[in-house]
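Q: after the sequence you'll find the predicted model.
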Number of protein chains: 2
Amino acid sequence: MASAPSIPPPSAPPSPWLPFESRRRARDEKREAVLRAAVQLFLEQGYHRVTLNEVADRLNITKPALYNYFRGKDEILFECWSMGAELVDSVITEIAAGGGSGLARLRKLVHAYAALMATDFGASLVRFDLRDLAERNAGVARAAKKRIDATFRRYIAAGIADGSIRPCDPKLAAFAIAGSLNWIGHWYRRDGGLSPTEIADEFTVRLTEGLATESRQKIAKKTPRAPQGRNSGRKTTGTKRTGGGTG
Amino acid sequence: MASAPSIPPPSAPPSPWLPFESRRRARDEKREAVLRAAVQLFLEQGYHRVTLNEVADRLNITKPALYNYFRGKDEILFECWSMGAELVDSVITEIAAGGGSGLARLRKLVHAYAALMATDFGASLVRFDLRDLAERNAGVARAAKKRIDATFRRYIAAGIADGSIRPCDPKLAAFAIAGSLNWIGHWYRRDGGLSPTEIADEFTVRLTEGLATESRQKIAKKTPRAPQGRNSGRKTTGTKRTGGGTG
C-alpha cells in the first residue's frame, strides 16, 4: 500500500497536489477521529443504545457535521468494523510475505490476532452484530470473516502437509483457536492487569502447543516420521492420551 | 433438585394437590413453549429486531396472552438466558458429586458445556447482550457468568494441586478454554454436518491435552515429579518448545 509522498524532494518545484493532499489527509484524520469515538461508544454501550448526538458530543462537533463523513450510524458501524478487518488483512499479507512452516505462520497469526483483539477496532470484529449493517456491507463483512477463517485453516493444512502440525481436522482446529482469540475481544479490559503482548504470548503457546509435532519429534529423537495418515502423528509418538475425556 | 411427586403411591388417597399440580405443570409447559419460540427468534434475527407480536405469531397466540407468563420482552430474554444458565449449573452440580482429579472434572465440564453451546438455550448464554436486561436481572446474569468462570478456574487450580494439570495461569487457561467453547454458540449450525457430540468429543481432547501432565508422566516413565513451582512441569519434562511463536 504505497502512500502518496507528502514532502517534495529538495530541488523539485512544489507539487500542485500538495494543498489537495493535505486537505485529504486532514479530512482522513477527522474521519478516523469519528470512528475512534464511535467504536468506543458502541463497545461501551452497545450499538443500539448509542445515538449520533452522543458521538458528535464526544468529539465536540454537531451531528450534521458527522454527515460530512458518513451517511448514517450503520455506515459508521461498518467503517469501524472495516478498520479491524484491514488490520487483520495487513497482518496476513505480512505473514504471507515472510514464509515459514505452517506452524510458524499459524503462530504469527495467533500472536498478531490476539494482540489485535485487545484493541477497539479489533474487538469490533467480534462484538458487533453484522445484522445491524446494510445488506451490501454485511455481505462484505461476511466475506472478510470467511477469508480470515480460511487463512487459519490454510496454515493448519499447510502445517499438516509440511509436518510441522500433526494430523487433525483443520476446520475444527481453526474454530477452537479462533474462538479463544475472539473471546479476548469480549473479556479484555485495559485496566485488567495483563498487557496485550502478555496475552498474545501466552495464547500463542497455549493454542498451538497441542498441534505442534516438534515436541513429539524431540521425544522420538528425530526418528523418521511415520507416513502421514490420519492420526499417524499420535501413533508415532504415542505419548498423549486422547480419549473422549468424559469418563 | 427434588421434583414434586406426580403420581401418588397405589394405596394412598388422591392428593388434594393434584389438580393444582397439573395446572401448574400445564402453565409451566406453555411458559417454556414461549421461551423456546422466543429464543429461536432472538438467535435468528437478533433481540432488537424481534417484536412480541412475532413471538406470539409463532405460537399461534395473541400478544396479550404472552403477558400471562411474562411482563415484557426483556423478561423473556432473561428467562431464556436463565434456562441456559440452569443447564450449566446442573452440569456443575453433577460433576461436583462425581469427584475425580481436577483434569477429569475439567474434561467433563468442557464436554458438557460444548454440547450445551450447540443448543438454543446454551447459545443464548453467549449471544445475548446482558445490557438489554433490566439492571437487577443483568446483575443476576453477571453473577452466574462469574460462577461458571470460577468453576473452570477452580478445576484447573485443583488439577495443578493434584498433579493432573501442569502449572499454568488458571485465569488465562480458563479464558482460552471458555473462549473456544463459547464460540461454538456463534458458529454451530444444526445443518453444519457435525453433531454436538462430535464437537464435544473433539473439543474435550483439543482444549485439555496441552494442560495434562499425564503424557509427560508417561514420557518420564513415572519418575518422581519435581516440586510444584511455576513452570516446574515444563522443566521436568522439557519436551515442549514454549517460545513466543512470533519469530
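A: Thanks, I have it. These numbers come from a predicted model, not from an experiment.

Q: where does A:P10 land on pLDDT?
A: Looking at A:P10, its pLDDT is 52.

Q: what about A:R189, distance to A:A115?
A: Distance of A:R189 to A:A115, given as C-beta to C-beta, to the nearest Å: 15 Å. From N, CA and C alone the C-beta is placed, and that goes for glycine too.

Q: so for those two, which sits in the more crowded spot?
A: Set A:R189 next to A:A115 and count neighbours by other C-beta atoms under 10 Å in any protein chain shown: A:A115 wins out with 24 against 8.

Q: how far off centre is stretch A:54-65?
A: Per C-alpha atoms, centre = their mean, to the nearest Å, the displacement of stretch A:54-65 from the mean C-alpha position of its chain is 29 Å.

Q: sorry, slip of the keys, the one I care about is stretch A:51-64.
A: For stretch A:51-64, the distance to the chain centre is 29 Å (C-alpha atoms, centre = their mean).

Q: and for stretch A:146-156?
A: Here stretch A:146-156 is found 12 Å from its chain centre; the criterion is C-alpha atoms, centre = their mean.

Q: thought A:T204 was touching A:V110?
A: Yes. If you go by C-beta atoms under 8 Å, A:T204 and A:V110 touch, sitting 4.9 Å apart.

Q: got any ranges where chain A has weak pLDDT?
A: Chain A contains residues with pLDDT under 70 at A:1-19, A:215-247.

Q: and stretch A:131-144, what's buried?
A: Neighbour-count burial for stretch A:131-144 flags A:D132, A:L133, A:N137, A:A138, A:V140, A:A141, A:A144 (criterion: 16 or more other C-beta atoms under 10 Å in any protein chain shown).

Q: right, is it up against chain B?
A: Yes. Between stretch A:131-144 and chain B, judged by C-beta under 8 Å from any C-beta of the partner chain, the touching residues are A:R131, A:D132.

Q: contact partners of that stretch?
A: In this structure, residues lying in contact with stretch A:131-144 by C-beta atoms under 8 Å, 6 or more residues apart in numbering or on different chains are A:47-48, A:74-75, A:77-78, A:81-82, A:85, A:88-89, A:130, B:45-46, B:49.

Q: change it to 7 Å
A: Applying C-beta atoms under 7 Å, 6 or more residues apart in numbering or on different chains, the external contacts of stretch A:131-144 come out as A:Y47, A:D74, A:L77, A:F78, A:W81, A:A85, A:L130, B:G46.

Q: ranges for the helices of chain A?
A: Along chain A, the stretches classed as helices by DSSP state H are A:18-45, A:52-59, A:63-66, A:73-98, A:102-117, A:120-127, A:135-162, A:170-187, A:196-208, A:214-219, A:232-237.

Q: okay, the ones you listed, which one's buried deepest?
A: Stretch with highest mean neighbour count among the helices of chain A: helix A:102-117 (a mean of 25; mean count of other C-beta atoms under 10 Å in any protein chain shown).

Q: that one close to chain B?
A: Yes. Counting by C-beta under 7 Å from any C-beta of the partner chain, chain B is contacted by helix A:102-117 at A:R107, A:K108, A:V110, A:H111.

Q: likewise for stretch A:183-196?
A: Yes. Shown here: stretch A:183-196 in contact with chain B (C-beta under 7 Å from any C-beta) through A:W183, A:W187.

Q: output that stretch in PDB with nothing but the alpha carbons.
A: Extracted C-alpha coordinates of stretch A:183-196, given in PDB (Å, rounded to 0.1, in the frame of the first residue of the first chain):
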ATOM      1  CA  TRP A 183     -13.200 -14.200  23.200                       C
ATOM      2  CA  ILE A 184     -10.300 -11.900  24.100                       C
ATOM      3  CA  GLY A 185     -12.400  -9.100  22.400                       C
ATOM      4  CA  HIS A 186     -15.100  -9.800  24.900                       C
ATOM      5  CA  TRP A 187     -13.200 -10.100  28.100                       C
ATOM      6  CA  TYR A 188     -10.100  -7.900  27.700                       C
ATOM      7  CA  ARG A 189     -10.100  -4.700  29.700                       C
ATOM      8  CA  ARG A 190      -7.300  -2.100  29.600                       C
ATOM      9  CA  ASP A 191      -7.200  -2.000  33.400                       C
ATOM     10  CA  GLY A 192      -7.300  -5.700  33.800                       C
ATOM     11  CA  GLY A 193      -3.600  -6.200  34.700                       C
ATOM     12  CA  LEU A 194      -2.500  -8.000  31.600                       C
ATOM     13  CA  SER A 195      -0.900  -6.300  28.600                       C
ATOM     14  CA  PRO A 196      -1.900  -7.200  25.000                       C
END
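
Q: quick one: contacts of it?
A: With C-beta under 7 Å, 6+ apart as the test, stretch A:183-196 has contacts from A:114-115, A:117-118, A:122-123, A:125-127, A:199, B:175, B:178-179, B:182-183.

Q: can you rerun that using 6 Å?
A: Stretch A:183-196 has contacts (C-beta atoms under 6 Å, 6 or more residues apart in numbering or on different chains) with A:A114, A:A115, A:M117, A:A118, A:A123, A:V126, A:R127, B:G179, B:N182.

Q: run the chain-centre distance for that stretch.
A: With C-alpha atoms, centre = their mean as the basis, stretch A:183-196 stands 15 Å off its chain's centre.

Q: now swap in stretch A:124-140 and tell me
A: Distance, stretch centre to chain centre, for stretch A:124-140: 16 Å (C-alpha atoms, centre = their mean).

Q: got the end-to-end distance for it?
A: Using C-alpha to C-alpha, to the nearest Å, the end-to-end distance of stretch A:124-140 comes to 15 Å.

Q: wait, A:L59 sits on A:R36?
A: No. Contact criterion C-beta atoms under 6 Å: A:L59 and A:R36 do not qualify, at 9.2 Å.

Q: now do the residue lying closest to A:G210 once chain neighbours are set aside against B:E86, distance only.
A: Nearest non-adjacent residue to A:G210, counting by C-beta to C-beta, 6 or more residues apart in numbering or on different chains: B:G210, 4.2 Å away. B:G210 sits 31 Å away from B:E86, going by C-beta to C-beta.
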